[in-house]
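Engineer: below is the structure, and that's it, no one-letter string:
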């Protein structure tokens, strides 16, 4: 095992928290359009297949034949009633409750709609880690063309047109398990990174972006499995052809980076919604503690060790 030593300053990873926003969107109010017809938008989460926590779907109606100058957006909480002109629409919707991604489109085209991860705070991270992003929240979307709002001659002023949203999850889960660390109690802080992941998801095209990044997640120790360190993240897809996990572990007076090639593991699970990466080592954290180290935050020096597994 080759070790190279160098010093860096101690750092604290700050997980960015942002309110999800829509940029560059300016829509007219419904009341500006006439005639208009009441339309009921209903969110049905039954296709998700898991115990979700979604309560809000940002919904955008793009007019295909309707007499509207702009798309219309509305937040749908289970069931929401709106009024729009008669005509055909393309309807895009996406969960709008996360704090680790941004939502954007140019205000006109559904193909410009995207959901992007946000930059992580990289203060103190080693220079070898570039283009680091926070992982996104679990996100679901819905897209349907040919949604018609029609006039009901029998009840022209208050008829209901139903639009059912059947969102499906676009993010995938990656679970990182690191086994075999000796003296795991010496770990004071654990993080994992996974590289070559899509930065964004192109909602209108139903595909991840081509732009790639490294995503970072805080790790934990499983006290029922004394030597298990783990971290879970959501991703927009698996992106590039080659993937590495870095385990960044801090302890009293030391920092280590353990690098693992997980390319084959990801390839074997390319079609799975839930990807599990199993990493094994026999590294002893006790050996990383500097000789004669005293637990005094005013005197300690940080040593970083890079370990290629």
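Structural biologist: Arrived safely. What you are looking at is a predicted structure, and each value in this text was computed from that prediction instead of being measured.
Engineer: remind me which residues of the stretch 51-200 of the chain are low pLDDT?
Structural biologist: Segments of the stretch 51-200 of the chain classed as low confidence (criterion: pLDDT under 70) are 107, 152-160.
Engineer: would you list every one of the strands in it?
Structural biologist: For the stretch 51-200 of the chain, applying DSSP state E, counting those that start in this stretch gives strands covering 57-63, 72-76, 79-84, 87-95, 101-104, 114-117, 132-134, 140-149, 161-165, 168-169, 172-179, 189-198, 200-202.
Engineer: of those, which is nearest residue 44?
Structural biologist: Closest to residue 44 of the strands of the stretch 51-200 of the chain is strand 161-165 (C-beta to C-beta; 5.6 Å). Where you see a C-beta, it was placed from the backbone N, CA and C, and this is true even at glycine.
Engineer: what angle sits between that closest one and strand 79-84?
Structural biologist: Relative orientation of strand 161-165 versus strand 79-84 (axes from the mean of the first three to the mean of the last three C-alpha atoms, to 10 degrees): 130 degrees.
Engineer: buried sites along strand 161-165?
Structural biologist: By 16 or more other C-beta atoms under 10 Å, the buried positions in strand 161-165 come out as 161, 163, 165.
Engineer: quick one: closest of the strands of the stretch 51-200 of the chain to residue 275.
Structural biologist: Closest among those, once you apply C-beta to C-beta, is strand 172-179, at 4.8 Å.
Engineer: helices or strands next to the closest one in the packing?
Structural biologist: With contacts defined as 3 or more C-beta pairs under 8 Å, 6 or more residues apart in numbering; DSSP states H and E, strand 172-179 has these neighbours: strand 189-198, strand 228-235, strand 274-280.
Engineer: mind putting these into a markdown table with distance to residue 264?
Structural biologist: Below are the helices and strands packed on strand 172-179 laid out as a markdown table (distance: least, C-beta to C-beta, whole Å):
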| stretch | distance to residue 264 |
| --- | --- |
| strand 189-198 | 14 |
| strand 228-235 | 18 |
| strand 274-280 | 10 |
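Engineer: now do the contacts for residue 238.
Structural biologist: Neighbouring residues of residue 238 by C-beta atoms under 8 Å, 6 or more residues apart in numbering: 172, 197, 266, 270, 275.
Engineer: can you do 10 Å?
Structural biologist: Listed by C-beta atoms under 10 Å, 6 or more residues apart in numbering, the contact set of residue 238 reads 172, 174, 194, 196-198, 208, 266-267, 269-272, 275.
Engineer: just checking, it is part of a strand?
Structural biologist: No. Using DSSP: H, G, I helix; E, B strand; the rest coil, the assignment for residue 238 is coil, not a strand.
Engineer: what's the pLDDT at it?
Structural biologist: Turning to residue 238, the model gives it a pLDDT of 94.
Engineer: where's it relative to residue 272, distance?
Structural biologist: Separation of residue 238 from residue 272 (C-beta to C-beta, to the nearest Å): 10 Å.
Engineer: for these two, list the residues in contact with both.
Structural biologist: Residues touching both residue 238 and residue 272 by C-beta under 10 Å, 6+ apart: 172, 266.
Engineer: just to revisit the earlier point, mind putting the helices and strands packed on strand 172-179 into CSV with distance to residue 93 and mean neighbour count?
Structural biologist: Listed next are those as CSV, based on distance: least, C-beta to C-beta, whole Å; neighbours: other C-beta atoms under 10 Å:
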stretch, distance to residue 93, mean neighbour count
strand 189-198, 21, 22
strand 228-235, 19, 20
strand 274-280, 24, 16
